[in-house]
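Peer 1: got a structure for you, letters missing:
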């Protein structure tokens, strides 16, 4: 339930940011709720076994490498530019989770999936 609640909250914040004047994902990061999510995710990973932490980091590394390859494929393509544009900042954040041992939290994954308007922008672009 907690994960579903966080996903719903992030999605609603993304939609709010997309359809309101001046709203953004940045405002989500500054809420007490999201700070609690970060603390929970940090404690959850620390409580996991060493092998589970290794598995999580390996999966995250594979995700980053696969997305790098996907963006390279999109380089000369007119479609999917929104993902390629988002990937720069998302990659930095995900890589920090790997190399700098930053807290692994759900927001960049939501943005990777298209939260924050990317999904709608890609969908609208494909209709043109």
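Peer 2: Alright, I've got the coordinates. These numbers come from a predicted model, not from an experiment.
Peer 1: Would you check how far apart residue 71 and residue 8 are?
Peer 2: Using Cβ to Cβ, to the nearest Å, one gets 28 Å for the distance from residue 71 to residue 8. (C-beta placed from N, C-alpha, C; glycine too.)
Peer 1: more neighbours, the two?
Peer 2: Counted by other Cβ atoms under 10 Å, residue 71 and residue 8 do not tie: residue 71 has more neighbours, with 17 against 10.
Peer 1: check contacts around that one.
Peer 2: Contacts for residue 71 (Cβ atoms under 8 Å, 6 or more residues apart in numbering) come out as 83-84, 87.
Peer 1: In which helix or strand does it reside?
Peer 2: Take DSSP states H and E as the rule and residue 71 turns out to sit in helix 50-74.
Peer 1: Check which residues of that helix are buried.
Peer 2: Across helix 50-74, burial judged by 16 or more other Cβ atoms under 10 Å covers 57, 60, 64, 67, 71, 74.
Peer 1: Just the helices from the protein, written as ranges.
Peer 2: In the chain, the helices defined using DSSP state H lie at 2-19, 25-29, 32-47, 50-74, 81-99, 107-113, 118-127.
Peer 1: and those, which is most packed in?
Peer 2: helix 107-113 (a mean of 19; mean count of other Cβ atoms under 10 Å).
Peer 1: roughly how far apart are residue 69 and residue 41?
Peer 2: With the distance defined as Cβ to Cβ, residue 69 ends up 27 Å from residue 41.
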